[in-house]
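Novice: Dropping the sequence and predicted coords here.
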Amino acid sequence: MILQIQSFISEQLFLTKAMKIVVVGGGISGLSTCYFLGKLARQNNQAIDLTLVEGEKRLGGKITTDVSDGVIIEGGPDSFFTLKSYALDLCKELGLGSELLAANPESRGTYILSRGKLSKLPEGTETGAPTRLIPFLQTDLLSFSGKIRTLMDLAIPKRKESSDESIGSFIGRRFGREFLVKIVEPLYAGIFAGDVYKLSAKAVLPRLVEMESTHGSLIRGMRHAAAVRKNNARFSGKREEAKSSSSTFVTLKGGLLQLAERISSSLGDSSILLNTKVREVSESKSAQGRNQFQVILEGNDGSIEADVVVLSTPAYATSKLLRRLDSAIAFLLDQIQYVSTATVSFAFCKNEVKESIKGHGFLVPRTEGELITGCTWESSKFPGHAPLDVILARCYLGWFDHEEFAQLDDATLVQKVQEFLNRVAGISAQPILTRIYRWNRALPQYTVGHLDRIASLDLLLNNHRGLFLTGAAFHGVGLPDCIHDGHLTAQKVFETAEESEDYFGISE
Ligand SMILES: Cc1cc2nc3c(=O)[nH]c(=O)nc-3n(C[C@H](O)[C@H](O)[C@H](O)COP(=O)(O)OP(=O)(O)OC[C@H]3O[C@@H](n4cnc5c(N)ncnc54)[C@H](O)[C@@H]3O)c2cc1C
């Protein structure tokens, strides 16, 4: 019997040809795709030969954490949203549950710069619609008529047409221009830094668009969603994890790079090629009529053959890789514009800062005409990311039409951000630590019609079985969205393999 089993196993090992998969791009999208490919391969008992190719000398892409004297500085993302649970679930699955750190509820609150003065964002408006009446009525951010106009959302009939529209048109229609400019635009600036009159409501605010159609009002829809979430949190598992699940923003105690590192160490036998840039992807047919890909590396690094290629690079980079393979795909990818951005972090000695620091940070509406779009008091939002006697501030720069920071050298940039913090928050102390991260073409813009362009891309990809695209350019820029898309992409790889067994040559 034992002999029979051994011979069956060795026969299977011998006969089964591992599916050769190359994933290009080692940001969170590529890493998640690799993780879920490995997981599904184990579940399906399918052998895969996985290679991850990353152009830089480290994994993580936009995720970059620098730890210096107990100060944790995030250069890119600093936390993730828990309303979509994909990132939270992945952290728990990877054994990082005890590392989760919920945004500090005691110092909660976001401020908005309004005519040079910081005013508190009324509680309940954090997701872009007022859900709590009293704080909303009390805010000095909006005029009386602005508040009345916002509340008219409860009475305005829902839109009949189902075509896409801009965020400016959607929010302007429901809540009026004042709420759009003072609250929604700055809230979404950190995510897209885009033009609200160009960004697509359907692609950027799908939940809100859905709420209008289901509840006839965003306020009613939001209140309903908040009640459901509160209820779910009450019944979820462990205390610390339940706290994280019920907090809107969560990070990891040692910084978000932990997530990238944990995924990469879970990849086991897979090959990870760092410092290796892909130049082009080409396609040919094998004698059996199967698609075969050549992943051609830059310089003299040669090429890698693959049955499946997943590109998780930014849209403009992916377009370059596919230009010769399919110019129509490259054209559609080129329609996805990007905005450059930067973060400047300062650590200050707490006892040298005279003014009190309020809330988790503040946002700067475009109408204020500032270089800086927002600032997070990281040490208040995530205590533990800095020693108790340190204030860690992180400022964001860059709008779609406001990228002049990119022309400034580091010293001038630092000086301007310091002057700004002094003027707005009264911080005149000299920082004990400064870090600058410049992100060229960092934030993809989901402009009106984005979802149609993605649907067209999907159709064109049907002509290239075995070629898949994922990444922040398509179905959401947040870490949870990228992780979810990585998961869906891994599922599609296996579905395609199952559909045409001979295509991947599962047994020969
Ligand atoms: C400043 C900033 C703050 C942010 N804050 C948050 C936040 O707080 N929360 C949140 O959820 N999201 C945040 N985001 C968004 C989120 O970080 C990104 O959308 C996400 O990390 C993108 O992941 P990705 O894997 O799709 O792309 P990337 O991280 O850009 O990874 C793409 C990878 O492809 C590699 N690559 C490119 N070309 C090639 C090539 N030819 N060959 C090989 N490799 C190549 C790159 O080197 C890179 O590693 C922020 C983004 C920025 C810029």
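Specialist: In hand now; what should we look at? Numbering: from 1, shown residues only.

Novice: what about the chain, any weak spots by pLDDT?
Specialist: Applying pLDDT under 70 to the chain flags the ranges 1-16, 233-246, 500-508.

Novice: How about the longest helix along it and the ligand, any contact?
Specialist: Counting residues, the longest helix in the chain under DSSP state H turns out to be helix 479-499. Yes - Helix 479-499 is in contact with the ligand by C-beta under 6 Å from any ligand atom, via 479, 482. Bear in mind the C-beta positions are built from the backbone N, C-alpha and C, glycine included.

Novice: Offset the numbering so it begins at 55, please.
Specialist: With the count now opening at 55, the last piece we talked about shows up as helix 533-553.

Novice: Which stretches in the stretch 405-554 of the chain count as strands?
Specialist: Remark: strands assigned in the stretch 405-554 of the chain by DSSP state E, counting those that start in this stretch are 415-417, 426-431, 444-451, 487-498, 521-523.

Novice: Can you add mean neighbour count and give those strands back as CSV?
Specialist: Output for the strands of the stretch 405-554 of the chain, formatted as CSV (neighbours: other C-beta atoms under 10 Å):
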stretch, mean neighbour count
strand 415-417, 24
strand 426-431, 24
strand 444-451, 23
strand 487-498, 17
strand 521-523, 22
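
Novice: The residue nearest to residue 503 when sequence neighbours are not counted: what's it in contact with?
Specialist: In this structure, residue 503 finds its nearest non-sequential neighbour in residue 218, 5.9 Å apart by C-beta to C-beta, 6 or more residues apart in numbering. By C-beta atoms under 8 Å, 6 or more residues apart in numbering, residue 218 lies in contact with 254, 255, 256, 257, 502, 503, 504, 505, 506.

Novice: how much space between residue 218 and residue 276?
Specialist: Taking C-beta to C-beta, to the nearest Å as the measure, residue 218 falls 21 Å from residue 276.

Novice: mind listing the helices for the stretch 305-454 of the chain?
Specialist: Along the stretch 305-454 of the chain, the stretches classed as helices by DSSP state H, counting those that start in this stretch are 311-319, 369-376, 381-388, 432-435.

Novice: Deepest-packed of those, please.
Specialist: Counting by mean count of other C-beta atoms under 10 Å, helix 432-435 has the highest mean neighbour count of the helices of the stretch 305-454 of the chain, with a mean of 25.

Novice: How many residues are close by whatever residue of the stretch 105-254 of the chain ends up closest to the ligand?
Specialist: Using C-beta to the nearest ligand atom, the closest approach of the stretch 105-254 of the chain to the ligand is made by residue 115 at 2.1 Å. Using other C-beta atoms under 10 Å, residue 115 is surrounded by 25 other residues.

Novice: before we move on, what about the one 5 residues further on?
Specialist: Number of residues near residue 120 (other C-beta under 10 Å) recorded here: 15.

Novice: Report the contact partners of the nearest residue to it once chain neighbours are set aside.
Specialist: Once flanking residues are discounted, residue 120 sits nearest to residue 127: 4.5 Å by C-beta to C-beta, 6+ apart. Contacts for residue 127 were tallied using C-beta under 8 Å, 6+ apart; they are 119, 120, 121, 399, 401, 432, 446, 448, 487, 489.

Novice: Tell me the spacing between the second one and residue 159.
Specialist: The spacing between residue 120 and residue 159, counted by C-beta to C-beta, is 27 Å.

Novice: coming back round to it: pick out the most distant pair among the contacts of residue 218.
Specialist: 255 and 506 (13.4 Å; C-beta to C-beta).

Novice: ok, these two, which is more surrounded?
Specialist: More crowded of residue 255 and residue 506, by other C-beta under 10 Å: residue 255, with 23 against 14.

Novice: for the nearest residue to the more buried one once chain neighbours are set aside, helix, strand, or coil?
Specialist: Nearest residue to residue 255 in three dimensions, chain neighbours excluded: residue 224, at 3.8 Å (C-beta to C-beta, 6+ apart). Classification of residue 224 using DSSP: H, G, I helix; E, B strand; the rest coil returns helix.

Novice: quick one: residue 224 and residue 263 touch, right?
Specialist: Yes - taking contacts as C-beta atoms under 8 Å, residue 224 lies within contact range of residue 263: 6.9 Å.

Novice: Now do the shared contacts for the two.
Specialist: residue 255.

Novice: Tell me which of these two has more neighbours.
Specialist: More crowded of residue 224 and residue 263, by other C-beta under 10 Å: residue 224, with 25 against 22.

Novice: what's near enough to touch that one?
Specialist: 255, 259, 262, 263, 266.

Novice: Closest to the ligand out of those residues?
Specialist: When these are compared against the ligand (criterion: C-beta to the nearest ligand atom), the nearest one is residue 259, at 15.8 Å.

Novice: Skipping adjacent residues, who's closest to that closest one in space?
Specialist: Among residues not flanking residue 259 along the chain, residue 221 sits closest, at 6.2 Å (C-beta to C-beta, 6+ apart).

Novice: from what I can see the one you found touches residue 249, true?
Specialist: No - between residue 221 and residue 249 there is no contact under C-beta under 8 Å: 9.0 Å.

Novice: Which one's more surrounded, the two?
Specialist: residue 221 (29 against 19).

Novice: Would you mind measuring from that one to residue 182?
Specialist: 9 Å.

Novice: can you check residue 507 too?
Specialist: With distances taken as C-beta to C-beta, residue 507 is found 24 Å from residue 182.

Novice: Show me what stretch 419-430 is in contact with.
Specialist: With C-beta under 8 Å, 6+ apart as the test, stretch 419-430 has contacts from 132, 166-170, 235-236, 239-240, 243-244, 247, 414-418, 447-453, 456, 458-459, 470-471, 474-475, 479.

Novice: Next, format the strands of the stretch 405-554 of the chain as TSV and append distance to the ligand.
Specialist: Below are the strands of the stretch 405-554 of the chain laid out as TSV (distance: least, C-beta to the nearest ligand atom, whole Å):
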stretch	distance to the ligand
strand 415-417	12
strand 426-431	9
strand 444-451	7
strand 487-498	4
strand 521-523	11
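
Novice: what's the closest of these to residue 281?
Specialist: Ranking the strands of the stretch 405-554 of the chain by their distance to residue 281 (criterion: C-beta to C-beta) puts strand 415-417 first, at 26.4 Å.

Novice: which strands and helices sit next to the closest one?
Specialist: Here strand 415-417 touches strand 164-168, helix 239-246, strand 426-431, going by 3 or more C-beta pairs under 8 Å, 6 or more residues apart in numbering; DSSP states H and E.

Novice: Looking at those, spot the one closest to residue 305.
Specialist: Closest among those, using C-beta to C-beta: strand 426-431, at 11.0 Å.

Novice: Between strand 444-451 and the closest one, find me the angle.
Specialist: 160 degrees (axes from the mean of the first three to the mean of the last three C-alpha atoms, to 10 degrees).

Novice: and strand 426-431, which strands flank it?
Specialist: strand 415-417 (antiparallel), strand 444-451 (antiparallel) (DSSP bridges).

Novice: From the contacts of residue 218, keep the buried residues only.
Specialist: Of the members of the contacts of residue 218, the ones counted as buried by neighbours, 16 or more other C-beta atoms under 10 Å, are 254, 255, 256, 257, 502, 504, 505.

Novice: How is the fourth one assigned, secondary-structure-wise?
Specialist: Secondary structure state of residue 257, per three-state DSSP, is helix.

Novice: Is it correct that it is in contact with residue 504?
Specialist: Yes - using C-beta under 8 Å, residue 257 is in contact with residue 504, at 4.1 Å.

Novice: The closest residue in space to residue 514 that isn't next to it in sequence and the ligand, how far apart?
Specialist: Nearest residue to residue 514, sequence neighbours excluded (C-beta to C-beta, 6+ apart): residue 383, at 5.0 Å. Relative to the ligand, residue 383 is positioned 16 Å away (C-beta to the nearest ligand atom, to the nearest Å).
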